[in-house]
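1. based on what follows, work out the 3D shape:
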Amino acid sequence: MMKTRGSVILRCLAGLLCSLPCWFMALAQDTVEVVRPALSMFTADVGHASLLDTYLSPIVYRGWNVRLGYEHFQATAFNPERWMRQLEVGIDYGKVKNPAGNRRMLSLMGESRFSLMHRRHDVCVPNLQLMFGPMMQLRGGVIYNAANSNNLVSAKLHWAVGANAVVVYNTRFWGHRVSLRYEASMPVVGVFFSPEYDQSYYEIYLGDRAGLVNFGWWGNRFDLTNYVSADWRMGSAVLRVGYRGRIETSWIHGINTHIFTNSLVIGIGGDFVGYNPRKKPSCNTRIVSGQYE
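-> Residues are numbered from 1 along each chain as shown. Next up is the predicted model:
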């Protein structure tokens, strides 16, 4: 009788050991590997510019503006379904003239902006995504006016935190997937550089640096960027056509600055996936795109 019970126990243990590999394989199949393609987009803007900087001239100058930019848009690693990250860098060059057309100003501005946004796609409209979250921006450059008698340049430097919002609607057009997107970026508070109205940069060089760094808020500075675009997916490539409108205003120390641009945007890019050669690819994967679905 003891031998019979012992043989039964041995058979049960042997069956358990034999079934362990099957259990591990099932657990491995249930583990989903998340792949997060990154949307990389190179853009070129060209359009109209209106510039007023009373440190250099009391007259509004008008002309054209061009911009080269890069955008990186991807789902986050810690919560790819709900959180997106965006990095955008760009450089602007503008050439504007006074109403008489005999004086000109040149502007060169650079920008870097990072946003972290919470995404919702369980809204009432199918294929619609809403994203909203904080953003951080650093923007600066120079405005040059050779006709100014006091200073030839006006330096600009602004660091701010604010909010960024994106609305994406995915549809199809002519058999291709198309993403319609609206984005609004608005700095709220920060710090920015500004001298006094009659303070020269030579005086700053000699040591007169009081009051150069100023707290920026909507009482002395208001910036807003509106961006409307349509992304047309053609295989692995993405073509973009859009519009970008930028408002930059500040009023402090008797200096008013208004920079308005309205530009047509043309871009090309695609979704790119990082590959680790040391890691074996999994058959059970889920692709979480930052913008497209």
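2. which stretches of this protein form strands?
-> In the chain, the segments counted as strands under DSSP state E are 33-35, 38-53, 61-75, 83-97, 104-120, 128-144, 153-173, 176-193, 213-216, 221-234, 237-252, 255-272, 285-287.
3. and those as JSON lines, adding distance to Glu203 and mean neighbour count?
-> In short, each C-beta sits where N, CA and C put it, glycine included. Below are these laid out as JSON lines (distance: least, C-beta to C-beta, whole Å; neighbours: other C-beta atoms under 10 Å):
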{"stretch": "strand 33-35", "distance to Glu203": "57", "mean neighbour count": "14"}
{"stretch": "strand 38-53", "distance to Glu203": "18", "mean neighbour count": "19"}
{"stretch": "strand 61-75", "distance to Glu203": "25", "mean neighbour count": "19"}
{"stretch": "strand 83-97", "distance to Glu203": "27", "mean neighbour count": "19"}
{"stretch": "strand 104-120", "distance to Glu203": "22", "mean neighbour count": "18"}
{"stretch": "strand 128-144", "distance to Glu203": "18", "mean neighbour count": "18"}
{"stretch": "strand 153-173", "distance to Glu203": "14", "mean neighbour count": "17"}
{"stretch": "strand 176-193", "distance to Glu203": "15", "mean neighbour count": "18"}
{"stretch": "strand 213-216", "distance to Glu203": "16", "mean neighbour count": "16"}
{"stretch": "strand 221-234", "distance to Glu203": "24", "mean neighbour count": "18"}
{"stretch": "strand 237-252", "distance to Glu203": "18", "mean neighbour count": "17"}
{"stretch": "strand 255-272", "distance to Glu203": "15", "mean neighbour count": "18"}
{"stretch": "strand 285-287", "distance to Glu203": "58", "mean neighbour count": "12"}
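4. nearest to Gln199, of those strands?
-> strand 255-272 (9.7 Å; C-beta to C-beta).
5. strands paired with that closest one, and their directions?
-> Sheet pairing for strand 255-272, assigned by DSSP bridges, gives strand 38-53 (antiparallel), strand 237-252 (antiparallel).
6. can I get it as PDB, trimmed to CA atoms?
-> What follows is strand 255-272, C-alpha atoms only, in PDB (Å, rounded to 0.1, in the frame of the first residue of the first chain):
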ATOM      1  CA  ILE A 255      10.200  99.000 -24.500                       C
ATOM      2  CA  ASN A 256       7.500  97.400 -26.500                       C
ATOM      3  CA  THR A 257       8.200  94.300 -28.600                       C
ATOM      4  CA  HIS A 258       5.700  92.800 -31.000                       C
ATOM      5  CA  ILE A 259       6.700  89.900 -33.300                       C
ATOM      6  CA  PHE A 260       3.900  88.400 -35.400                       C
ATOM      7  CA  THR A 261       4.500  85.700 -38.000                       C
ATOM      8  CA  ASN A 262       2.100  83.800 -40.300                       C
ATOM      9  CA  SER A 263       3.700  81.000 -42.200                       C
ATOM     10  CA  LEU A 264       3.000  78.000 -44.500                       C
ATOM     11  CA  VAL A 265       4.600  74.800 -43.200                       C
ATOM     12  CA  ILE A 266       5.900  72.000 -45.400                       C
ATOM     13  CA  GLY A 267       7.400  68.900 -43.700                       C
ATOM     14  CA  ILE A 268       8.600  65.400 -44.300                       C
ATOM     15  CA  GLY A 269       9.300  62.700 -41.800                       C
ATOM     16  CA  GLY A 270       8.200  59.300 -40.600                       C
ATOM     17  CA  ASP A 271       7.800  56.800 -37.700                       C
ATOM     18  CA  PHE A 272      11.100  55.300 -36.500                       C
END
